[in-house]
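Novice: Need a 3D model of the sequence below.
(one chain, ligands or ions: 1)
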Amino acid sequence: MNGDSMTYLVTGGAGFIGSHLTEALLARGDSVVVLDDLSTGDRANLAAVMNHPRLRFVRGSVLDAELVADLTGRCGAVVHLAAAVGVRLIVEQPLKSFVTNIRGTENVIAAAHRHHRPLLLASTSEIYGKNGAGPVDENADRILGQTGIARWSYSTAKAVDEILALAHHREFGLPVAVVRLFNTVGPRQSPAYGMVIPRLVRQALAGEPLTVHGDGRQRRCFAHVADVVDALLKVLDHPGAVGGIFNVGTGEETSIAELAARIVARTQSPSPVVLVPYEQVYASGFEDMERRVPDTTRLRELTGWAPRFGLDEILDSTIAEMRRRGTDAPGVPRPAPADLAYLPRA
Ligand SMILES: NC(=O)c1ccc[n+]([C@@H]2O[C@H](COP(=O)([O-])OP(=O)(O)OC[C@H]3O[C@@H](n4cnc5c(N)ncnc54)[C@H](O)[C@@H]3O)[C@@H](O)[C@H]2O)c1
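Specialist: Next up is the predicted model:
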């Protein structure tokens with residue numbers, strides 16, 4: 001991986017993080033081929049660059065091994081972001097999510113191996129499962145619940161992806177780096193699939209109750225997508241990153257109840273905040289973790305990366321974008337009737 005201008009294949013490039021990465025690569029002079037099936041992504045996410053001469057958009061699936069191999073052969077490096085993402089989607093479509101996240105990645109790794117292309121693989125903090133011990137570094141244990149709980153199948157699929165990718169590095173010299181992304185937020189993130197900040201912001205702006213799942217004491221850190229993209233570029237460009245795993249996230253912790261209160265204050269919404277038991281939101285057997293905080297020492301020491309945006313700036317940019325697009329705009333779906341069923345009755 002190096003800093004020379006080249007063509008990147010970005011799978012999932014019409015998604016939230018992928019579209020920001022695509023813009024950043026184009027802005028620095030690289031060319032981008034986006035492969036996206038638009039399942040959770042949206043062409044509108046690429047609106048600002050859709051006619052860019054160095055962008056090619058291909059609607060297709062990472063499950064199409066031939067297509068992936070063909071596009072990989074035409075590019076100099078691959079960033080694999082395509083995945084079934086979001087707690088809600090994973091819980092509601094466990095089989096489809098599992099297949100996409102394992103077979104799709106297998107296809108991408110096989111293509112990178114065949115053409116010997118550098119690969120940056122997007123993994124997740126879900127890897128750590130229920131390990132809530134302080135800031136977790138990349139060597140922290142994975143603590144998972146039973147296989148029957150859909151959430152852990154996402155974690156397991158991403159773990160298989162990491163294992164496959166790193167085994168290709170060790171056994172065949174494939175230049176691979178893995179980034180474990182913690183909660184990432186900012187403009188273009190859809191509230192439709194269980195992402196907490198866009199969902200709460202939408203509720204606040206629509207004057208609906210902000211629904212906090214569980215007891216609201218679960219603690220999280222949120223990184224701005226611009227900082228995450230900066231981390232991806234730094235890992236892509238650093239030769240020392242090859243063969244490594246890197247946490248990407250911020251250390252500014254908040255409970256979800258505090259987060260909801262902060263969103264109410266910053267939107268000046270009249271909405272109340274209500275606690276909703278997990279059983280009423282997800283199918284039975286949902287599990288959450290108390291605390292998730294990254295230790296990003298490894299990334300900082302290698303690349304000098306440090307996040308620039310704090311939580312208030314993240315909230316303000318999400319609020320501003322949703323005000324601009326409206327809470328009914330495409331990509332900002334209203335809750336299905338089933339969502340409303342769990343609101344406390346007046
Ligand atoms: N957003 C976060 O907080 C977060 C946290 C940890 C990890 N990640 C990882 O980052 C990556 C990007 O996530 P995101 O938040 O931008 O979500 P996203 O849903 O916006 O992006 C995923 C993209 O992949 C596309 N996609 C899904 N299945 C596909 C398939 N079979 N073929 C081609 N394209 C397909 C979707 O249409 C979408 O554009 C994912 O790999 C995800 O696991 C994200």
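Novice: going forward, measure contacts and count neighbours with C-alpha atoms only.
Specialist: Will do.
Novice: how about the strands in the stretch 101-250 of the chain?
Specialist: For the stretch 101-250 of the chain, applying DSSP state E, counting those that start in this stretch gives strands covering 119-124, 135-136, 176-181, 184-185, 210-213, 219-221, 223-224, 245-248.
Novice: Figure out how far the fourth one is from the centre of its chain.
Specialist: Its chain's average C-alpha position is 7 Å from that of strand 184-185, according to C-alpha atoms, centre = their mean, to the nearest Å.
Novice: can you check stretch 252-267 too?
Specialist: 20 Å.
Novice: same question, stretch 13-27
Specialist: Worked out by C-alpha atoms, centre = their mean, stretch 13-27 lies 13 Å from the chain centre.
Novice: what's the answer for stretch 27-37, then?
Specialist: 18 Å.
Novice: Name the residues that touch that stretch?
Specialist: 5-15, 22, 25-26, 54-62, 71, 75, 82 (C-alpha atoms under 8 Å, 6 or more residues apart in numbering).
Novice: can you check stretch 144-158 too?
Specialist: So stretch 144-158 is contacted by 87, 90-91, 94, 97-98, 101-102, 123-124, 126-130, 285-287 (C-alpha under 8 Å, 6+ apart).
Novice: one step back: write the PyMOL selection for whichever of the contacts of stretch 27-37 are buried.
Specialist: Burial among these is assessed by 16 or more other C-alpha atoms under 10 Å; the matching PyMOL selection reads:
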select buried, resi 7+8+9+10+11+12+13+14+15+22+25+26+55+56+57+58+60+61+62+71+75+82
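Novice: Spell out which residues of this structure are next to the ligand.
Specialist: Selection of the chain residues close to the ligand by C-alpha under 6 Å from any ligand atom yields 11-18, 35-41, 60-63, 81-85, 100, 122-125, 181-184.
Novice: Which of those are buried, as a PyMOL select command?
Specialist: Those of these that count as buried under 16+ other C-alpha under 10 Å are selected in PyMOL with:
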select buried, resi 11+12+13+14+15+16+17+18+35+36+37+38+40+41+60+61+62+63+81+82+83+84+85+100+122+123+124+125+181+182+183+184
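Novice: Sort out which of the residues of the chain next to the ligand are in strands and list them.
Specialist: 11, 35-36, 122-124, 181, 184 (DSSP state E).
Novice: Need those in JSON lines (columns: pLDDT).
Specialist: Converted to JSON lines, those look like this (pLDDT from 0 to 100):
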{"residue": "T11", "pLDDT": "98"}
{"residue": "L35", "pLDDT": "98"}
{"residue": "D36", "pLDDT": "98"}
{"residue": "A122", "pLDDT": "98"}
{"residue": "S123", "pLDDT": "98"}
{"residue": "T124", "pLDDT": "96"}
{"residue": "L181", "pLDDT": "97"}
{"residue": "T184", "pLDDT": "94"}
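Novice: I163 and S5, how far apart?
Specialist: 29 Å (C-alpha to C-alpha, to the nearest Å).
Novice: ignore the last one, V33
Specialist: 14 Å.
Novice: repeat for G326
Specialist: 37 Å.
Novice: Same question for R219.
Specialist: Applying C-alpha to C-alpha to R219 and S5 gives a distance of 40 Å.
Novice: what's the answer for L144, then?
Specialist: Taken as C-alpha to C-alpha, the span from L144 to S5 is 41 Å.
Novice: Over to L26?
Specialist: For L26 relative to S5 (C-alpha to C-alpha), the value is 10 Å.
Novice: so how many other residues sit close to the closest residue to A83 other than its chain neighbours?
Specialist: Spatial nearest neighbour of A83, chain neighbours left out: N101 (5.4 Å); criterion: C-alpha to C-alpha, 6 or more residues apart in numbering. As a burial measure, N101 scores 25 neighbours (other C-alpha atoms under 10 Å).
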